[in-house]
Structures are given as C-alpha cells and as structure tokens.
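In: got a predicted model here, sequence first, then my questions.
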Amino acid sequence: MIFLLAGTSDARELGLMLQQEGYDLITSVVTENAGEVMKQHGLRVLIGRLDAEQLISVISENEASIIVDATHPFAEEASKNAMAAASQLEIPYIRFERKSFEGQDSLITEVASYEEAAVLAASRGGVIMLTTGSKTLQVFANHLLPLENVRMIARMLPRKDNMEKCEQLGVEQKNIVAIQGPFSKQLNKALYTQYGVTQVVTKESGKVGSVDEKVEAAKELGIPIIMIARPKIEYGNVYHSFEDVINTIKTMEVSV
C-alpha cells in the first residue's frame with residue numbers, strides 16, 4: 001500500500017493516477033474540506049494533522065510500504081515528519097513537488113522568510129495585499145497593523161477559524177478577502193484595483209499554486225511583489241512530474 005500525504009489539487013491528481021495504475025493507497029489531509037474532495041473522487045482518506053509518531057502509527061496500522069509526500073511546498077513540518085517516519089519504518093520516501101516559479105523581474109523581490117517579507121512590506125508602506133494564507137498572518141499583523149501609513153488586506157480561505165483569527169489579531173472586516181481559488185489573472189487584477197493595492201506579498205508555491213496569475217496581474221499594473229522563497233529541504237528522492245513518481249514506484253521491490 002502507498003501512503004500519500006496530500007491536500008493540494010495536484011496531490012489529488014497524483015492519487016487518482018496511482019489508483020488508475022492499480023495501486024492500493026490511502027491519502028492523508030489536514031482539513032475536512034480537503035478530505036471531502038478526496039472522498040468525492042473515490043480516494044480513501046484520513047483527516048487530521050499528524051506528527052511523526054502519529055504518522056508512524058497510522059502507516060504501520062495500514063501496512064503501507066511507501067510514503068509519497070505530495071504536500072504543499074511550504075508544508076515544511078509535514079515533509080520532515082514524513083521523512084522521519086520513513087526512516088524509522090525503513091520504507092521508501094518519495095517527494096513529489098510542483099515545479100518552481102520561473103521568471104525574474106525588477107518588480108519582484110525574493111525574501112527568505114515571512115518575517116523578512118513583513119519587515120520589507122512595512123518599510124515600503126501603502127496598501128499591502130497578503131496572499132500567504134492565515135497560518136502566518138500574525139507575523140504580518142505584528143509588523144503592519146500598528147503603522148498609520150499601511151493598510152493590510154488579508155486574502156484567505158473563507159473558513160470560520162480564519163475569520164476568528166482575523167478578529168483576534170484586529171484585522172477589520174473591510175480588510176478581509178475571504179475567497180477560495182483558483183484565481184485567474186483577471187480576478188487578481190480586479191482585486192488589486194478594487195483595493196488600490198501598492199504591494200503584493202506571495203509565496204513561491206509554483207504554477208499550480210497560481211503564483212503566475214498573481215505575479216502577471218501585479219506586473220501588468222506595475223505593483224511590486226514580495227515573494228517568499230520555498231523552504232530549503234533535502235528531500236532525497238524528489239520528482240516534479242507524476243510520471244516520474246509512478247515510474248520510480250514501479251522499479252521498487254515493494255508490495256503495493
């Protein structure tokens with residue numbers, strides 16, 4: 001059996017391809033919403049965040065013989081837990097990671113961390129649209145909300161816990177864009193224009209993560225972009241196409 005750490009649209013596609021190839025697999029996602037999508041596509045799914053020990057326990061219970069990590073490029077903790085579990089169980093670990101964003105431009109400034117992005121955004125001021133999700137919202141709120149020359153727009157998934165976090169941090173309702181992607185370039189441009197955005201903060205999530213659409217929209221409007229680089233992790237077996245993942249699994253002498 002294959003244990004697939006999923007949660008993204010491309011991870012779901014990979015799961016379906018593996019299933020079509022005749023492999024028995026179980027997928028693991030963090031949120032109920034992601035779990036429902038997996039179920040709708042006929043994939044067996046476990047829902048909930050797992051630490052390394054819990055991961056070891058679940059993989060052992062399900063007698064999985066390969067871990068395929070197709071989590072988001074910024075799900076650093078999940079990948080590290082998966083690698084630790086694979087090492088402990090002495091089973092293969094395969095990383096699928098969507099291709100990186102390619103394209104240099106004078107409007108793009110790459111930074112190494114959320115903290116660095118927040119500091120840079122604060123130094124520039126203006127109307128800043130965050131497209132980095134809710135997990136690190138507090139980092140930006142700490143730096144940006146106290147400033148008089150800054151309006152921070154938080155774009156995130158329309159979930160109750162996200163709205164509660166915004167309320168706790170003091171983000172006003174008028175500065176929340178609760179919406180689920182994918183986002184076209186046209187929609188990004190409309191949002192930037194509607195809010196009078198002068199800076200965009202994004203993560204280097206890759207083409208599937210709609211970075212291209214965010215960046216191209218901002219570039220066309222002449223808006224500077226702060227792009228947070230992916231975490232640097234030594235995965236070992238890492239592939240950027242479904243075919244390479246499947247072909248690698250086929251060469252392994254394991255029971256799936």
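Out: Right, received. Where do you want to start?
In: can you list contacts of the one helix or strand residue 67 maps to?
Out: Using DSSP states H and E, residue 67 maps to strand 66-69. With contact meaning Cβ atoms under 8 Å, 6 or more residues apart in numbering, strand 66-69 is reached by 1-5, 14, 18, 59, 78-79, 82-83, 85-86, 91-96, 235, 245, 249, 252, 254, 256. Glycine gets a C-beta too; all of them are placed from N, C-alpha and C.
In: of those, buried ones?
Out: For these, a burial check counting by 16 or more other Cβ atoms under 10 Å picks out 1-5, 14, 18, 59, 78-79, 82-83, 85-86, 91-96, 235, 245, 249, 256.
In: those residues in helices, which ones?
Out: Mapping these onto helices (DSSP state H) picks out 14, 18, 59, 78-79, 82-83, 85-86, 245, 249.
In: roughly how far does residue 96 sit from residue 84?
Out: Using Cβ to Cβ, to the nearest Å, residue 96 is found at 18 Å from residue 84.
In: equivalent analysis for residue 219, please.
Out: 40 Å.
In: same deal with residue 11?
Out: 20 Å.
In: now residue 202
Out: 29 Å.
In: what about these two, which has more around it?
Out: residue 202 (23 against 16; other Cβ atoms under 10 Å).
In: got the phi/psi numbers for residue 88?
Out: phi -60, psi -40 (degrees, to the nearest 10).
In: okay, strands next: where are they in the stretch 51-200 of the chain?
Out: 66-69, 93-96, 108-111, 126-130, 150-156, 176-178, 199-203 (DSSP state E, counting those that start in this stretch).
In: where does the chain have its least confident helix or strand?
Out: helix 32-40 (a mean of 83; mean pLDDT, DSSP states H and E).
In: quick one: contacts of stretch 107-126?
Out: With Cβ under 8 Å, 6+ apart, stretch 107-126 has contacts from 128, 132, 136, 139-140, 142-144, 147, 149-151, 198-199, 201, 204, 215, 218-219, 222-229.
In: ends of stretch 211-231, what's the gap?
Out: With Cα to Cα, to the nearest Å as the measure, the ends of stretch 211-231 fall 16 Å from one another.
In: circling back: got the ones in helices among the buried ones among the contacts of strand 66-69 as TSV, with pLDDT and distance to residue 189 columns?
Out: Shown next, in TSV, are these (pLDDT from 0 to 100; distance: Cβ to Cβ, whole Å):
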residue	pLDDT	distance to residue 189
14	92	31
18	92	37
59	93	44
78	91	33
79	92	33
82	93	37
83	93	39
85	93	43
86	92	43
245	93	35
249	91	41
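In: give me the phi and psi for the residue most central in space within the chain.
Out: The centroid of the chain falls nearest to residue 72 when counting by Cα atoms, centre = their mean (3.8 Å). Dihedral pair for residue 72: phi -60, psi 150, per degrees, to the nearest 10.
In: and the gap between the residue nearest to residue 178 when sequence neighbours are not counted and residue 192?
Out: In space, and not counting its chain neighbours, residue 178 is closest to residue 158: 3.8 Å by Cβ to Cβ, 6 or more residues apart in numbering. For residue 158, the distance to residue 192 (Cβ to Cβ) stands at 19 Å.
In: mind listing the helices for the stretch 151-256 of the chain?
Out: 160-169, 185-195, 211-221, 242-251 (DSSP state H, counting those that start in this stretch).
In: from the ones you listed, which stretch is densest packed?
Out: helix 211-221 (a mean of 20; mean count of other Cβ atoms under 10 Å).
In: contacting residues around that helix?
Out: 101, 103, 105, 107-108, 131, 182-186, 188-189, 192-193, 197, 200, 202-205, 224-225, 227.
In: from these, keep the buried residues only.
Out: 101, 108, 131, 183, 185, 188-189, 192, 197, 200, 202-205, 224-225, 227.
In: between the helices of the stretch 151-256 of the chain, which one is nearest to residue 63?
Out: Between residue 63 and the helices of the stretch 151-256 of the chain, the shortest separation by Cβ to Cβ is 16.2 Å, and it involves helix 242-251.
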